[in-house]
Each structure stands twice: as C-alpha cells, then as structure tokens.
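K.L.:
Let me see the structure of the following:
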Amino acid sequence: MEQQTKEIIITLTDKAAEKVKSLLEKENKKEYGLRVGIVSGGCSGYMYDICLEKSAKENDMVLEEKGVKVFINPESIAFMKGSTVDYVERLQNSGFKVNNPNVKRSCGCGHSVG
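P.N.:
Prediction:
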C-alpha cells in the first residue's frame, strides 16, 4: 500500500538515511529497504523492530524517505505516527533510535516502550 496522504508516519534523519544507505551498500543489498515497526515484548509492552528487508509484505505501507524505502506494517502505523528514526553513534550502544511522540512509558533499559 503506497502512502496516499500527506500525513507523516515516519521520518528518517539525514544521519539515519545515510547509515541505511551505507549498510545496504556494504552488505550488497541495494534493492532492500528499512523495516520499522513495533512487536509485542519487553517490560513496557512493545519493542521496536528495525531491520533491513528485501521487499514489502502484503498490506505494508511503503514510504520513500531521503532515498530509502521504508516498510511499515498496518499494526504499527497508529503507534508510529509522527516518529523520527535517527542513528546515534556512541562509544557503547550505537544504533538506530526512534523518537516517538506516542510513547506513554518506556523502561529503564531503553529498549521497550508502551
């Protein structure tokens, strides 16, 4: 399902988009995209699911963000609306970080949201 509205579901920062492009090139997966969503689990009820994927699944919304294909399943859309995906480089725990205005609580480990 292609995005039909002007409503912003997910945005990628420049740093996140460049990191995805770099990973796709490094792993020789240029035709892949970034899957972003939530799955049940963790101490606060849900965890983010971020991975590289070859193609959209049935009923996925497919977005084009800064030259990166982004796949999001229908169950994640409402929870992810207005979210920004960034890439943070730290001495420990570098990786993608989701800034989600819909989060009501998160756990101390930072991996679980609700």
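K.L.:
drop to CA atoms for contacts and neighbour counts, all remaining ones
P.N.:
OK.
K.L.:
can you give me the helices for the protein?
P.N.:
Counting by DSSP state H, one finds helices in the chain at the ranges 14-26, 74-80.
K.L.:
pLDDT at the most far-flung residue of the chain relative to its centre, what is it?
P.N.:
The centre of the chain is farthest from one residue, L91, which by C-alpha atoms, centre = their mean lies 22.1 Å away. L91 is assigned a pLDDT of 84 by the prediction.
K.L.:
switch to numbering from 24
P.N.:
Sure, I'll start numbering at 24, so the last one becomes L114.
K.L.:
For it, give its distance to V126.
P.N.:
From L114 over to V126 the distance is 26 Å, taken as C-alpha to C-alpha, to the nearest Å.
K.L.:
How about F102?
P.N.:
In this structure, F102 and V126 are separated by 8 Å, where distance is defined by C-alpha to C-alpha.
K.L.:
Tell me which residues touch the residue nearest the centre of the chain, please.
P.N.:
With the centre of the chain defined as its mean C-alpha position, the nearest residue by C-alpha atoms, centre = their mean is V59, 3.0 Å away. For V59, the set of contacting residues under the criterion of C-alpha atoms under 8 Å, 6 or more residues apart in numbering consists of Y71, D72, I73, C74, V93, F94, I95.
K.L.:
Local confidence estimate at it?
P.N.:
On the pLDDT scale, V59 is placed at 95.
K.L.:
Without its sequence neighbours, what residue ends up closest to it?
P.N.:
Distances taken as C-alpha to C-alpha, 6 or more residues apart in numbering place I73 nearest to V59, at 4.7 Å, with adjacent residues excluded.
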